[in-house]
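>>> Provide a 3D model corresponding to the input given below.
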Amino acid sequence: MKSYLIAIIIGYLFGCLQWSYILSKTFLNVDIRTLGAGNAGASNTVISLGWKWGVLVGILDILKAIISIFIIKYLFKISFIEENSFFLYLNGLFVILGHDFPFFMNFKGGKGAASLLGILIGLNYKLGILGFFVILIITILANYIALGTLGLNILLVLSAIYLNMGLNSIIISLIILFIGIYLHIPNIQRILNKTEKGLRDVLKKKAQNI
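This is a model prediction of the structure:
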C-alpha cells in the first residue's frame with residue numbers, strides 16, 4: 001500500500017507543476033486559461049503567447065514527467081522491463097491527472113500532451129523518440145495537434161500491449177487514453193465543424209506577426 005501511495009502522490013504533485021499557468025501568471029500577469037483554447041497547456045501557450053513561451057512550457061512539462069518517473073525508478077529500484085514497472089505507469093497516470101486536474105487551479109488544467117511524451121521518455125527513451133515522431137507526423141499530416149495528441153495516447157496503449165507490460169499497466173494506459181479522448185471532445189467537435197484552429201493557421205498567423 002505504501003508503494004502505491006508513493007507513486008500516486010509523487011506523480012500528482014509533479015503533474016500539478018502547471019508551467020503554462022505558473023509562467024503566464026508570474027511573468028505576464030495573465031491566466032493562460034482565459035486565452036485561446038481556454039486550457040493550461042503547451043499548445044495553447046503557443047497559440048496565445050507565442051513560440052518562445054510555448055516551447056519553454058512544453059520542455060518543462062516533459063521534464064516534470066521524466067523526473068517523476070525517474071524518482072520512482074530510483075526509489076523502487078525498478079526498470080522498464082520488470083513486472084513491477086506497473087508503478088511507473090501508475091505514477092505516469094497521476095502525472096497526467098495532476099496536469100489535467102490540478103487542485104490549486106480548481107481542477108482545470110491542460111490536456112497532457114507534453115506530459116505524456118515525458119512519460120514515454122521516462123519509461124524508455126526509445127518510446128519517447130517514437131512518440132515524438134508520432135505526434136509530429138500526425139499533427140503535420142492531419143493539421144491538428146489534438147489528433148497528434150490522441151495518436152500519442154494510442155501509442156502508450158499499443159506499446160504496453162506489444163511489450164507485454166501486464167494487464168494492470170495496459171488498463172492504466174487505457175485510462176490515460178480515455179482521459180485524453182474525454183478532454184479532446186470539444187476539439188474533435190470543432191474539427192468536425194471545421195472551426196478548430198489548425199497547425200497551418202497558427203504557423204501562418206505567427207509568420208505574419210514576425
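
>>> Point out where this protein drops to low pLDDT.
Residues of the chain that meet the criterion pLDDT under 70 lie in 79-84, 204-210.

>>> Which helix or strand contains the residue nearest to Phe76 when sequence neighbours are not counted?
Nearest non-adjacent residue to Phe76, counting by CB to CB, 6 or more residues apart in numbering: Phe87, 5.7 Å away. For the C-beta atoms, the positions are set from N, CA and C on the backbone; glycine is no exception. Taking DSSP states H and E as the criterion, Phe87 maps to helix 86-100.

>>> what about Lys194, how many residues close to it?
Residues lying near Lys194 (other CB atoms under 10 Å) number 7.

>>> Distance-wise, check it relative to Leu152.
In this view, Lys194 and Leu152 are 24 Å apart by CB to CB, to the nearest Å.

>>> again with Lys197
Distance, Lys197 to Leu152, by CB to CB: 19 Å.

>>> More neighbours: those two, which one.
Counted by other CB under 10 Å, Lys197 and Leu152 do not tie: Leu152 has more neighbours, with 27 against 17.

>>> Quick check: buried residues in the strand or helix carrying that one?
Leu152 belongs to helix 145-162 when assigned by DSSP H and E. Within helix 145-162, the residues that count as buried by 16 or more other CB atoms under 10 Å are 145-157, 159-160.

>>> Export whatever helix or strand comes next after that helix to PDB, keeping only CA atoms.
Heading C-terminal from helix 145-162, the first helix or strand you meet, by DSSP H and E, is helix 167-183. The C-alpha trace of helix 167-183 is given here as PDB (Å, rounded to 0.1, in the frame of the first residue of the first chain):
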ATOM      1  CA  LEU A 167      -2.800  -6.300 -17.600                       C
ATOM      2  CA  ASN A 168      -2.600  -3.600 -14.900                       C
ATOM      3  CA  SER A 169      -0.200  -1.400 -17.000                       C
ATOM      4  CA  ILE A 170      -2.400  -1.900 -20.000                       C
ATOM      5  CA  ILE A 171      -5.500  -0.900 -18.000                       C
ATOM      6  CA  ILE A 172      -3.700   2.300 -16.800                       C
ATOM      7  CA  SER A 173      -2.700   3.100 -20.400                       C
ATOM      8  CA  LEU A 174      -6.400   2.700 -21.500                       C
ATOM      9  CA  ILE A 175      -7.500   5.000 -18.600                       C
ATOM     10  CA  ILE A 176      -5.000   7.700 -19.800                       C
ATOM     11  CA  LEU A 177      -6.300   7.200 -23.400                       C
ATOM     12  CA  PHE A 178      -9.900   7.700 -22.200                       C
ATOM     13  CA  ILE A 179      -9.000  10.800 -20.300                       C
ATOM     14  CA  GLY A 180      -7.300  12.100 -23.400                       C
ATOM     15  CA  ILE A 181     -10.400  11.400 -25.500                       C
ATOM     16  CA  TYR A 182     -12.700  13.000 -23.000                       C
ATOM     17  CA  LEU A 183     -10.700  16.200 -22.700                       C
END
